[in-house]
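1. next one to model:
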Amino acid sequence: MPKTAGPKKAKKKANLRSNFVFFCSCCAAAIVLFLSGINLQSFAYTQVLGAQDEAQAESPLLEVAYWESLLEKSPTYFDGWVELSYLLISLGNKEAAAVTFNKAVEINPNSEKISPLRALLEK
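-> Predicted coordinates for the structure are as follows:
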């Protein structure tokens, strides 16, 4: 008569199975956390349009060049023309600011941003 697996062996098998499932769950959680950490690092170096970095804060001329190159690619970007106008006013170049202001007015004459900019140009 062949021997059958006793209750001790069946319990050991079930325990081994549950330990294996627990081990796999821990590994999966560790992998998810690792991948999330890598993904978060990729967001650390994103730039926001219009945000100043150290180079732009040191040299307003670099910022002017940035906005001019951006507006060359997207000439109908209203907020870009407004930002360039404010920047040129702050640099004391009201003639160039008036030109960029007029382009902003052509794009969106009814914007709320036009009145404060007009007031600065008229000072």
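2. SS state for N110?
-> coil (DSSP: H, G, I helix; E, B strand; the rest coil).
3. so what's E58 scoring on pLDDT?
-> Looking at E58, its pLDDT reads 61.
4. next one: A5
-> You'll see A5 listed with a pLDDT of 57.
5. how distant is the longest helix along the chain from the center of its chain?
-> The single longest helix within the chain, with elements called by DSSP state H, is helix 7-43. When distances are taken as CA atoms, centre = their mean, to the nearest Å, helix 7-43 is centred 33 Å away from the chain's centroid.
6. per-domain residue ranges of this protein.
-> Structural domains annotated on the chain: 8-44, 56-122, as defined by automatic domain parsing.
7. what is the neighbour count of L70?
-> The number of residues packed around L70, counting by other CB atoms under 10 Å, is 16. Glycine gets a C-beta too; all of them are placed from N, C-alpha and C.
8. which element is it on?
-> helix 60-73 (DSSP states H and E).
9. distance between that helix and the chain's centre?
-> Per CA atoms, centre = their mean, the displacement of helix 60-73 from the mean C-alpha position of its chain is 19 Å.
10. name the residues that touch the helix or strand just after it?
-> Scanning the chain past helix 60-73 towards its C-terminal end, the next helix or strand to appear is helix 78-90 (assignment: DSSP H and E). The set of residues that contact helix 78-90 without belonging to it, under CB atoms under 8 Å, 6 or more residues apart in numbering, is 50, 60, 63-64, 67-68, 70-71, 74, 94, 96-97, 100-101, 103-104, 107-108, 111, 113, 117, 120-121.
11. do stretch 95-114 as well
-> With contacts defined as CB under 8 Å, 6+ apart, stretch 95-114 is touched by 75-76, 78-79, 81-82, 84-86, 88-89, 117-118, 121.
12. just the buried residues of those residues.
-> Those of these that meet the buried threshold are F78, W81, V82, L84, S85, Y86, L88, I89, L117, by 16 or more other CB atoms under 10 Å.
13. the contacts of helix 78-90, buried ones only, as a PyMOL selection?
-> Buried members of those, defined by 16+ other CB under 10 Å, are picked up in PyMOL with:
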select buried, resi 63+64+67+70+71+94+96+97+100+101+103+104+107+113+117
